[in-house]
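A.B. asks: model the structure of this input:
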Amino acid sequence: MTAKATKKQTIGERIKAHFSRNQRWLAEQIGMSSSLLSEKINEHRDWTQKDLDKINKVLGTDFKL
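C.D. replies: All right, here's what the predicted structure looks like:
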């Protein structure tokens with residue numbers, strides 16, 4: 001038998017799973033444009049720990065790089 005491969009979720013995928021409102025709302029809460037947040041969530045731009053700290057404060061999460 002072969003083990004089923006599991007894909008580790010990206011930070012963006014994990015963030016999307018934690019907010020129930022829309023992306024624009026989250027962008028406003030953390031002081032980021034919604035287009036930049038989208039680029040980061042979709043891995044077109046890199047996250048900084050400062051970005052994640054702001055998201056952690058709003059969502060009550062503990063994302064780390």
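A.B. asks: what's the weakest-modelled helix or strand in the chain?
C.D. replies: Among the helices and strands of the chain, helix 11-18 carries the lowest confidence by mean pLDDT, DSSP states H and E, at a mean of 82.
A.B. asks: give me the neighbour count for the closest residue to Asp46 other than its chain neighbours.
C.D. replies: Beyond its immediate neighbours in the sequence, the residue positioned closest to Asp46 (Cβ to Cβ, 6 or more residues apart in numbering) is Lys40, lying 7.4 Å away. C-beta coordinates here come from the backbone N, C-alpha and C atoms, glycine included. The criterion is other Cβ atoms under 10 Å. On that basis, Lys40 has 21 neighbouring residues.
A.B. asks: contacts for stretch 14-24, please.
C.D. replies: Surrounding stretch 14-24, the residues in contact under the criterion Cβ atoms under 8 Å, 6 or more residues apart in numbering are 9, 25-26, 34, 37-38, 41, 55, 59, 61, 63.
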